[in-house]
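Novice: Following is a predicted model, sequence given first.
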Amino acid sequence: MRAIGVNTWVWTSPLTDENLPDLLRRIAALGFDAVEIPLENAGDISPGPTAAVLAETGLAPYVVGAMAPGRDLVSASPETVAATQEYLAACVDLAAALGAPAACGPFYAQTGRVWRMTTAERSAAYREWRVNLAPVVEHAERRGVRIGIEPLNRYETSLVNTVDQALEALGPLLGPSLGLALDTYHLNIEERSSAEAVRRAGRHLVHLQVCGSDRGAPGGDQTDWPSLMKALDEIGYDGPLAIESFTPDNAAIAVAASIWRPLAASPDDLARDGLAFLSSGGVR
């Protein structure tokens, strides 16, 4: 079976040296195999102490980034691009220090930034993105980490919404150090078939985040989980199934992810229910 993980955003934001140890122990006690560690700001998380807690709990780490205001690789000032590259390099460095195989996220523009583009303007934006992302990919190659680029839904970005757009945009950069990170929530909105989207990603799929179609626990929702799991088997995906949802108690993250109501009786309940469903093979 694939490892089953959960993002600490289910409980809190930001993740820091102060709250990380107890939360990782809690996640391990719930029965998870893996954990997504979000690095919201460089310096929030110290690799040494974090590695010690990971060793204690046995949790496999995966690093994810957050494209907060001021983080853009497209249609931005040189200063903004440089600062964004520095932040993404910090995500890669944390992954390398923790032994995480990947650093994933929507590494192209500030989440929530949308603008209209003609076909020519979109092509130009993709070229600019490749130029500005390339140094980060080279850094990841040196550190032995793979970057996973996450397409987002149309309300969170206008640049990369689908697997096909991501494959087109990244083109020659795709390879051992760069692939795709998919999220079933966004797939449910933007793809005609989540399973077919997974098949199109194929060998480029680095990481998969899962949740219900309402952003709650996977299972009991509208997602065709059996078809999705079959597609993962067909492409030979052996990475984790990582539950990503968000606490409504943090104002910044609730607004960014449009979390306007609790998605479960408690964060523990959301995590526990999702784990039970995924442990059953995602077919109940």
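Specialist: Ah, there it is.

Novice: CA only for contacts and neighbour counts going forward, please
Specialist: Noted.

Novice: Unless I'm misreading it, Gly219 sits right up against Leu275, doesn't it?
Specialist: No - counting by Cα atoms under 8 Å, Gly219 sits too far from Leu275 to count as a contact (9.5 Å).

Novice: For the chain, give me the ranges with low pLDDT.
Specialist: Counting by pLDDT under 70, the chain contains low-confidence ranges at 282-284.

Novice: any idea how far Glu196 lies from His186?
Specialist: Taking Cα to Cα, to the nearest Å as the measure, Glu196 and His186 are separated by 14 Å.

Novice: between Gly219 and Leu275, who's got more neighbours?
Specialist: For Gly219 versus Leu275, the count of surrounding residues by other Cα atoms under 10 Å is larger for Leu275: 25 against 22.

Novice: Wait, a helix at the more buried one?
Specialist: Yes - for Leu275, which was evaluated using DSSP: H, G, I helix; E, B strand; the rest coil, the result is membership in a helix.

Novice: measure it to Pro106 for me?
Specialist: Here the distance between Leu275 and Pro106 works out to 25 Å (Cα to Cα).

Novice: One more: Leu30?
Specialist: Relative to Pro106, Leu30 is positioned 28 Å away (Cα to Cα).

Novice: need the strands for the stretch 51-200 of the chain, in chain order.
Specialist: For the stretch 51-200 of the chain, the strands identified by DSSP state E, counting those that start in this stretch occupy 60-65, 102-105, 146-149, 178-183, in order along the chain.

Novice: Quick check on Glu196 and His186: which one has the bigger neighbour count.
Specialist: His186 (23 against 15).

Novice: Nearest residue to that one in space, ignoring adjacent ones along the chain?
Specialist: Here the nearest residue to His186 in space, its sequence neighbours aside, is Asn153; by Cα to Cα, 6 or more residues apart in numbering that works out to 5.1 Å.

Novice: surely the one you found meets Val163?
Specialist: No - between Asn153 and Val163 no contact is recorded; they are 11.1 Å apart, counting by Cα under 8 Å.

Novice: higher neighbour count, these two?
Specialist: A direct count of neighbours by other Cα under 10 Å for Asn153 and Val163 places Val163 higher, at 27 against 21.

Novice: What values do phi and psi take at the residue nearest to His186?
Specialist: Comment: the main-chain dihedrals of Asn153 come out as phi -70, psi 170, following degrees, to the nearest 10.

Novice: ok, the residue of the chain most remote from its centre to Ile37 distance?
Specialist: In the chain, the greatest distance from the average C-alpha position (Cα atoms, centre = their mean) is reached by Ala120, at 28.6 Å. Look at Ala120 and Ile37: by Cα to Cα, they are 37 Å apart.
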